[in-house]
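J.: test case, fold it:
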Amino acid sequence: MLSPYDKRAAFIWIVLVITSTFASMRFFNLDLVINVLIATNIATFLLMGFDKIQSSSRGGRIPERMFYAMTFFGGSVGMLAGMYSFRHKTQKGSFQFFVALMIMLQVGLILWTFSPEGLF
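T.: Here you go, the predicted structure:
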């Protein structure tokens, strides 16, 4: 069952993804999937920064499992950029491993999906 912080983080992330998707569609003439990926990474990056601010001020934090979910659902590059831009969650080896694994899997999936013959 999701805690109130999980629900709040998921809601904010989804709203950011939707609004960023519409914004990127307006400015970039790209495929919808690419626009959604851009938006997902922007939203994940912004929430990483928000969580860093909250951790510094001892405010309500975004649960780590929500960051895992954001990374899994396409925000891996935004998560990595947020980790090193905000110096947040960089000491957690398990977190770094998961983000790196998701980036490799997602890049492979994108290459396989958009290549004419497929990679495999």
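
J.: helix/strand/coil for residue 61?
T.: Following DSSP: H, G, I helix; E, B strand; the rest coil, the label given to residue 61 is coil.

J.: that one: neighbouring residues, count only.
T.: Using other CB atoms under 10 Å, residue 61 has 14 neighbouring residues. Bear in mind the C-beta positions are built from the backbone N, C-alpha and C, glycine included.

J.: just give me the neighbour total for residue 85.
T.: 13.

J.: correct me, but it touches residue 46?
T.: No - counting by CB atoms under 8 Å, residue 85 stays clear of residue 46, with 10.8 Å between them.

J.: from residue 77, how far off is the nearest residue to residue 55 once chain neighbours are set aside?
T.: Using CB to CB, 6 or more residues apart in numbering and skipping residues adjacent in sequence, the residue nearest residue 55 is residue 61, 6.1 Å away. Distance from residue 61 to residue 77, counting by CB to CB, to the nearest Å: 22 Å.

J.: likewise residue 100?
T.: 11 Å.

J.: of the two, who's got more company?
T.: Using other CB under 10 Å as the criterion, residue 100 and residue 77 rank with residue 77 on top: 21 against 12.

J.: in which helix or strand would I find the more buried one?
T.: helix 76-85 (DSSP states H and E).

J.: and residue 106, by the same measure?
T.: With DSSP H and E as the criterion, the answer for residue 106 is helix 93-114.

J.: packing partners for that helix?
T.: When contacts are defined as 3 or more CB pairs under 8 Å, 6 or more residues apart in numbering; DSSP states H and E, helix 93-114 packs onto helix 64-70, helix 76-85.

J.: need those in TSV (columns: mean pLDDT).
T.: Shown next, in TSV, are those (pLDDT from 0 to 100):
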stretch	mean pLDDT
helix 64-70	88
helix 76-85	90
